[in-house]
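J.: Sequence plus predicted model, see below.
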Amino acid sequence: MLDQNEHKMIEVFFYGLFMDRDLLVEKGLNPSNPRKGYVAGMGLRIGKRATLVHAREERAYGIVMQLSEDESTALYSEESVSDYIPEQVVVILNSGVHLEATCYNLPEHLLSGSNREYAKSLVQVAIKCGLLKSHVDVIKQFDSERT
């Protein structure tokens, strides 16, 4: 018998490499309904990987997609992102619609180091996803600021 949560779909806001729907499909997931948007009051930071931090004057841009709860849990149980915790956010879609979504973030005290290769990859994903040039420029800063 199937667990009731197995097919319950949730909205997940992605701001890192997981914005790439093709990457999620390669991992065996079935993301659907991708939409561009942003979360106000949060800013992108890149240490070893990307995370969002509370920053009143900033906006974090990304992609909202639907995944099953089980898919979302499985994705964030991978070793490289297992320290990320789910947080409810309000995403303002490009259409102007406000949407509640789950966003996985690394606790700020665990943010450390830098990863220029990750930043370079994220620039390419952001361009592929059609995010604003101004946001792509923010990501590029993480490629050049830290060594």
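T.: Structure's in. What do you need?
J.: residue ranges with poor pLDDT in the protein?
T.: 1-6, 145-147 (pLDDT under 70).
J.: Which strand runs longest in it?
T.: The longest strand of the chain (DSSP state E) is strand 50-68.
J.: Quick one: list the elements packing against that one.
T.: Judged by 3 or more Cβ pairs under 8 Å, 6 or more residues apart in numbering; DSSP states H and E, strand 50-68 is in contact with strand 9-14, helix 21-26, strand 32-46, strand 85-93, strand 98-105, helix 116-128. In this view, the C-beta of every residue, glycine as well, is placed from N, C-alpha and C.
J.: would a markdown table of the ones you listed with mean neighbour count be doable?
T.: Shown next, in a markdown table, are the helices and strands packed on strand 50-68 (neighbours: other Cβ atoms under 10 Å):
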| stretch | mean neighbour count |
| --- | --- |
| strand 9-14 | 22 |
| helix 21-26 | 14 |
| strand 32-46 | 18 |
| strand 85-93 | 15 |
| strand 98-105 | 18 |
| helix 116-128 | 17 |
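J.: and residue 64, what does it touch?
T.: Contacts for residue 64 (Cβ atoms under 8 Å, 6 or more residues apart in numbering) come out as 11-14, 33-37, 91, 93, 99, 101.
J.: give me the beta-bridge partners of it?
T.: residue 13, residue 35 (DSSP bridges).
J.: I'd like to know how far it sits from residue 138.
T.: 19 Å (Cβ to Cβ, to the nearest Å).
J.: May I have the residues that are in contact with residue 8?
T.: Residues in contact with residue 8 (Cβ under 8 Å, 6+ apart) are 68, 69.
J.: picking that back up, output the helices and strands packed on strand 50-68 as JSON lines; include the columns distance to residue 71.
T.: Formatted as JSON lines, the helices and strands packed on strand 50-68 follow (distance: least, Cβ to Cβ, whole Å):
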{"stretch": "strand 9-14", "distance to residue 71": "9"}
{"stretch": "helix 21-26", "distance to residue 71": "8"}
{"stretch": "strand 32-46", "distance to residue 71": "10"}
{"stretch": "strand 85-93", "distance to residue 71": "13"}
{"stretch": "strand 98-105", "distance to residue 71": "12"}
{"stretch": "helix 116-128", "distance to residue 71": "19"}
